[in-house]
Structure formats: C-alpha cells, structure tokens
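[1] sequence isn't available, so here's the structure alone:
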C-alpha cells in the first residue's frame, strides 16, 4: 500500500498510523461514547470494545477536551483537522467546539530565543537594527507562532516564526496521511467516491507550501490588493525587509482575535453585518478573482466595530479557474432563485454528475434539500442533518470529490461555521446574494457573451494566421516572382480586424 514510501519509510509510516489510532482510542476520540446515539449498532459495539481496551483514562474529561489533547499530540495535520472541526458547533455542539478552539492559536509556544536566532540567521543586519522591541509569543499554532515587535521606525508588527524542526514533523505527517489515504482507497470501496488519494495529495501540498513564509508574504500582499477592492475584509501590510523562508513580518492587525470570547462583546459591534462581511469577502475573492484565503478559522481573524475584519495567516491560498468560478456562481445563483433545474444542468455541464443520470431526477433531489432551508435562520437549520442529506444524494448520483475544489469546499464549510457562531441568525443566501448577483450581471450579460465570442474568434483567427505564416516560411522560394494577391496570412488578419470592428459596434449598441 506504500506507493510513495517503499521499504523502511513505509514501515515507519504504518507504525505512526497505528500509533495515531491508539492515541485516539485511548482518548475515546475515535468512536466517542457521546456519539452512540448517532452511530449504527456495529460501530456502537466496536466503540465499547475499544473503550474496554483503552482503560479508565478513556472516560476522563469532556469529549472535546479528550479530542483536543489527542490531536495536539499527533502533529500539524491532526491539529488542522481539529481547527476545522472547531468551527462547526452547529454539528458537534458548542462545548465540543469550544474545547477544540484552543488548537487555533493557544498551543504550547517555543522559546523566544530560538525565534530570534531564526530571524538573525536570515537577515543581513543585527536583529536590533530591525526590531527595537521583540516580545514573547502572543499566539502559537501548529506550524508557527507569532510575536509582537516594534520596528526601528516605531511601527508595531507581528512576526511569525516557524517551529523548530517543523519540516521533519510535516514530512512524517504527509507520509502517514498518504498511507492512510491509500489504505482507505484499497480497503474501503465506499471511500473512493471521496477520492482519498487526491484529497491527501491536496492537503499535503498545501502543508508543504506553508513551510516557506516567503510564499505566505506574497499571498498576503496579493490578497491584500484583492480585499481592498471591496472592503469586506482586509490584510496587514507586508514588511518585506523582515521576510525570510522561516520568518515573516506584517503590520499589527487591528481589533480583537475572533478566537477570544470577548471579541464579540466589543461595544458597537454589528454581529449580523460582521457575519455578512465574512461571507461576502470570501465569495468575492473566489468568484471575482479566483484566489482566496483558504484558512479562515477564528484564530486567523481579527474583528472590530462595527464590522471590520482583518485576516491573517496566508499560508494556505486557494485558487480556482474561470470555469470553476462560473460553475460556482451559477450553482449559487440557481439556488438563490430556487431554479433547481438550472443547478442540476450546471452540475452535468461541469461533469460533477455522470451523464448516465437524469437531469430532472437530480433537480428533484436538489429541491428536496434546498426547499426546507430557505427563509429559515441558521439556528433553525440542522447542518448535520443537511450534510447527511447531501452525502446521501451525492452517493445516489455517483458524485465524486473534485480535487481542484477541495480547498474551496473546505473553506466554505469553515466560513459558514464561523459566520453562524458570529450571528446565530445568519442567512447564508442573503449574504451571498449581492456578490453572486454582481458576478452574474457582469460575466453572463449579453455584452460579456459577445466579448467572449469575439475573443474566441480572434484567438482562432490568430492561430490560423500563425499557421499560414509558418507554412509560407517553410515553402521553397519560387523560381519566378510570386503572383500578386492577398496571402492567407494577411487575409486572416484582415478578417480578424473586421470581426473586431463588428464586435465593438455590437458591444457599444448593447451598452446603449
């Protein structure tokens, strides 16, 4: 089963996987007793057997406490899973989610002297010339920790430093994750619909990219420009002279960390507007620009009145292409209008549902899921039940996980969960409507369709012109002067110019 880690490395990964399973069993976090009412009888029986094997420690503490402690000891990948779970209080319960919340930014920090040594090794000047103050860690997560510092020019900044030996820890986690995905694919046929190998590959790649903070600095800079165009969210400024592979310096984020219990009690805070800003900021990034912050849990968000949001930690960036953006927008727009037939058609056009199935039958299934949740507040909708219905329907229609959309789907789940915690009455559809409507009006208007046809035509004609010119150059020189006339090259270019002129006239007419 070790396709990518043969020999001793495979054995080590297998031993770590077994060890991780035993850690979860000892914490009663694999099949916790608190979930017995939700599990089928065979799994309930298996859970009881595992608890007998684990001994009395499996009965100590709340389930979230046990899970958090187990995941913290298992490394970066497990901690990130806990961060995702902590955003879904609506599914797992408030107490469970709160117990997992410390995995976001409250892990054990490493020594400040180690952090300053890392920075000193990566800059061409004494660290005292860059920072006149450098404080202890103010937040610590799975990959890195953050320090408050002051630059020589007086600016207050946050300095992020990677944990010592984190590269080796991530490499071990990636090997275990790869092995687990391979075993799931081979031994659990039902899991293949979730493409475990592709999922593991996507997660592993994003983790590896997180280990170069120069890339994170570039992501923060890029998304800062994107966010400034709408104002629903913002990013700190990058201090480039304080950036290296293992450290990153950003201007200090205003507001309170959303992971703090006091953050939502700030005077003047508009919680409904804050939840809407979060949802709209994420959707605008994905739809309008094809790039988005892919780790928007509470530990990476700072909020201030009335509805200001500053996002930090740009280690995981998601990107989707023009086709995926159109599919996403049309699916959301179809749900907003309750046009389940169009939503179904888009799923077939995108290849999300195999063509062997019926569009009408799929539209009927979507209606069964969508209709009960419209017009109801978030607190009145069981997200656990909804996800269960969606999973059943996707199984009926042979829908598979799309690797290129893993980060998008994961971030949508996170954002929706955080928005619910900010505002229990949050309406995801009302929040999404202005962003989706704007995209539809801009990208699918008659004018844009003409522009698209024009661009396709010009591209095709330019290709023809290049082929004609290449053919002319490869032909031997004629013995006699060539007859006068228009060459295929100039004919293609002339036709392209004519198409351009007609398209401009049509666009001007459509724009009035």
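    Received it, and whenever you're ready, just let me know what you need. This one's a predicted model, so the numbers in the text were calculated from it and none came from an experiment. Numbers count the residues shown, from 1 in each chain.
[2] show me how far stretch 253-264 is from its chain's centre.
    In terms of Cα atoms, centre = their mean, to the nearest Å, the centre of stretch 253-264 is found 22 Å from the chain centre.
[3] first-to-last residue distance for that stretch?
    With Cα to Cα, to the nearest Å as the measure, stretch 253-264 spans 16 Å from end to end.
[4] now do stretch 149-167
    End-to-end for stretch 149-167, by Cα to Cα: 25 Å.
[5] swap in stretch 107-117?
    21 Å.
[6] my guess is residue 210 contacts residue 219, does it?
    No: Residue 210 is beyond contact range of residue 219, at 10.2 Å (criterion: Cβ atoms under 8 Å). For every residue, glycine as well, the C-beta is placed using N, CA and C.
[7] need the overlap of contacts for the two.
    residue 315 (Cβ atoms under 8 Å, 6 or more residues apart in numbering).
[8] so where's the stretch 301-450 of the chain uncertain?
    For the stretch 301-450 of the chain, the stretches with pLDDT under 70 are 375-379, 381-388, 391, 445-450.
[9] what are the ranges of the helices in it?
    Per DSSP state H, counting those that start in this stretch, the stretch 301-450 of the chain carries helices over the ranges 322-336, 340-350, 359-370, 383-396, 406-422, 428-443, 446-474.
[10] the stretch 101-250 of the chain too?
    Counting by DSSP H, counting those that start in this stretch, the segments of the stretch 101-250 of the chain that form helices are 102-105, 112-122, 127-130, 166-187, 196-209, 213-228.
[11] looking at these, spot the one closest to residue 149.
    Comparison of the helices of the stretch 101-250 of the chain against residue 149 by Cβ to Cβ identifies helix 127-130 as nearest, at 8.6 Å.
[12] for this protein, which strand is longest?
    The residue-count maximum for a strand in the chain (DSSP state E) belongs to strand 131-140.
[13] quick one: mean pLDDT over that one.
    Regarding strand 131-140, the rounded mean pLDDT is 94.
[14] which elements pack onto that strand?
    helix 112-122, strand 144-151, strand 156-162 (3 or more Cβ pairs under 8 Å, 6 or more residues apart in numbering; DSSP states H and E).
[15] to residue 274, which of these lies closest?
    The minimum distance between residue 274 and the helices and strands packed on strand 131-140 falls on strand 156-162, with 21.6 Å, by Cβ to Cβ.
[16] quick one: distance of the closest one to the chain centre.
    Distance of strand 156-162 from the chain centroid (Cα atoms, centre = their mean) equals 23 Å.
[17] same thing with stretch 142-161?
    Distance, stretch centre to chain centre, for stretch 142-161: 25 Å (Cα atoms, centre = their mean).
[18] same deal with stretch 415-430?
    Between the centre of stretch 415-430 and the centre of its chain there are 17 Å (Cα atoms, centre = their mean).
[19] quick check: end-to-end length of it?
    With Cα to Cα as the measure, stretch 415-430 spans 15 Å from end to end.
[20] change the start of the numbering to 43 and stick with it
    OK, 43 is where the count begins now, so the last one is stretch 457-472.
[21] report the buried residues of it.
    457-465, 468-471 (16 or more other Cβ atoms under 10 Å).
[22] in those, find the pair that's most separated.
    Among these, 463 and 471 lie farthest apart (Cβ to Cβ), at 18.2 Å.
[23] re the thing from before, can you give the contact residues for the longest strand of the chain?
    With Cβ under 8 Å, 6+ apart, strand 173-182 has contacts from 147-152, 154, 157-158, 169, 187-194, 199-201, 284, 299, 341.
[24] pull out the buried positions in that strand.
    Neighbour counts using 16+ other Cβ under 10 Å place 173, 176, 179, 181-182 of strand 173-182 among the buried residues.
[25] now stretch 93-107
    Neighbour count says stretch 93-107 has 93, 96, 100, 105-107 buried, by 16+ other Cβ under 10 Å.
[26] do stretch 343-354 as well
    Here stretch 343-354 shows 343-346, 349-354 as buried, counting by 16+ other Cβ under 10 Å.
[27] farthest-apart pair in the residues you listed, please.
    Farthest pair in the buried residues of stretch 343-354, by Cβ to Cβ: 349 and 354, 17.5 Å.
[28] quick one: neighbours of residue 51, just the number.
    15 (other Cβ atoms under 10 Å).
[29] wait, it sits on residue 217?
    Yes: applying Cβ under 8 Å, one finds residue 51 in contact with residue 217, separated by 6.4 Å.
[30] quick one: low-confidence residue ranges for the stretch 143-292 of the chain.
    Regions of the stretch 143-292 of the chain meeting the criterion pLDDT under 70 cover residues 236.
[31] mind running it again at 90?
    143-150, 165-168, 182-185, 207, 211-252 (pLDDT under 90).
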